[in-house]
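Colleague: Structure of the sequence below:
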Amino acid sequence: MKLNADLGESYGHWQFDADADIMPYIDMANIACGGHAGDPIVMHKTIILAANHGVLIGAHPSYPDLQGFGRRSMRVPPEELILIIQAQVATLDGLAKCQGQVLNHVKPHGALYNDMMADSSVRKAVFSAIAGFYIDLPLVVQAGSQNQALRIEAQEFGITLLFEAFCDRLYLDSGLLMPRSDPKAVLSAVESVEQARRLIQCNEVITPSGAVLCIQADTICVHGDTPEAMQTAEKIRVLLQDQ
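Modeller: Residues are numbered from 1 along each chain as shown. Alright, predicted model coming up:
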């Protein structure tokens, strides 16, 4: 199981400086590519940082929503959404090539990710965007009870899925994540490490109601903008090494 983080989420004068602290502990970096964050300078720096640590580079596209940090759902026609995603992935791909690096995967961000999991029409557009890109790139989706159904759906588009679990987000009984509008949606550092331990050792999470969800995941995400993210990533790395 690999550890991933959403990074490169600075933009212009707004700088988020935790990337260098988190990068040594992760396997996969999902780098913002202009939709919700990430200007050319930030993308360039994050690509180099990932390369220096031997971290796999992934594109982290979103709805075109800089003001809302990509966390607001948008009604975008499928044919437009496909090109929005491909344009963002292509931007990061081009900058990576300039540094002799290649993309490893694509992981949608924020509302686009959540809408992809909940709405089949959005998911079809995302799948189409990945299938239509000029190279084959695995797509990161949320792990849960629907893994096999999603895998079959993806096969129709000829794409590969990587299933992801979250250490720092609260799960609902449905298997989806609690919306960030809820103050309990983001777990504390201690809770995040404990949820990661359960995911790594038991392939499960516990919801607020006490329900136990089986989560078969290829990778665990730690969000770089959560409190004590670096310390959380360091402790999860130890858990993974002990496996």
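Colleague: any idea how far stretch 43-61 is from the chain center?
Modeller: 14 Å (CA atoms, centre = their mean, to the nearest Å).
Colleague: so what's the spatially most central residue of the chain closest to, chain neighbours aside?
Modeller: Nearest to the mean C-alpha position of the chain, by CA atoms, centre = their mean, lies K107 at 4.7 Å. Excluding the flanking residues, the one nearest K107 by CB to CB, 6 or more residues apart in numbering is V140, at 3.7 Å. Heads up, the C-betas are built off the backbone N, CA and C, glycines and all.
Colleague: wait, what's in contact with F69?
Modeller: 9, 36-37, 110 (CB atoms under 8 Å, 6 or more residues apart in numbering).
Colleague: out of those, which one sits closest to K124?
Modeller: G110 (18.9 Å; CB to CB).
Colleague: Could I get the full set of helices for this structure?
Modeller: For the chain, the helices defined by DSSP state H cover 19-22, 40-52, 78-98, 110-118, 120-131, 147-155, 189-202, 229-241.
Colleague: Would you mind confirming that the residue nearest to the centre of the chain makes contact with E164?
Modeller: Yes - contact criterion CB atoms under 8 Å: K107 and E164 qualify, at 7.3 Å.
Colleague: any shared contact partners between these two?
Modeller: With CB under 8 Å, 6+ apart, K107 and E164 have common neighbours 4, 140.
Colleague: if I pick L137, what's in contact with it?
Modeller: 59, 89, 103-106, 130, 159.
Colleague: Of these, which is the most crowded?
Modeller: Counting neighbours by other CB atoms under 10 Å, A59 leads the contacts of L137 with 29 neighbours.
Colleague: Tell me which residues touch that residue, please.
Modeller: Contacts for A59 (CB under 8 Å, 6+ apart) come out as 30-31, 33, 88-89, 92-93, 103, 105-107, 137.
Colleague: gap between I84 and L176?
Modeller: Remark: distance between I84 and L176 (CB to CB, to the nearest Å) = 23 Å.
Colleague: higher neighbour count, those two?
Modeller: The neighbour comparison of I84 against L176 (other CB under 10 Å) goes to I84, with 21 against 14.
Colleague: Wait, that one touches M74, no?
Modeller: No - contact status for I84 versus M74: not in contact, 9.6 Å apart, counting by CB under 8 Å.
Colleague: list residues touching both of those two?
Modeller: With CB under 8 Å, 6+ apart as the test, I84 and M74 both reach 63-64.
Colleague: Output the below-cut-off pLDDT ranges for the protein.
Modeller: For the chain, applying pLDDT under 70 flags no range at all.
Colleague: which residues touch Y63?
Modeller: 35-36, 70, 72-74, 76, 84, 110-112.
Colleague: and which of those residues is nearest A196?
Modeller: The closest of these, once distances to A196 are taken by CB to CB, is G110, at 21.1 Å.
Colleague: can you count the residues close to that closest one?
Modeller: Neighbour tally, G110, other CB under 10 Å: 22.
Colleague: check contacts around the nearest residue to it once chain neighbours are set aside.
Modeller: Nearest non-adjacent residue to G110, counting by CB to CB, 6+ apart: G70, 3.9 Å away. By CB under 8 Å, 6+ apart, the contact set of G70 is 35-37, 62-63, 109-112.
Colleague: got a list of what the residue nearest to the centre of the chain touches?
Modeller: So K107 contacts 4, 6, 30, 58-60, 113, 139-140, 164 (CB under 8 Å, 6+ apart).
Colleague: How about Q201?
Modeller: 239, 243.
Colleague: Would you mind measuring from D17 to T46?
Modeller: Distance, D17 to T46, by CB to CB: 12 Å.
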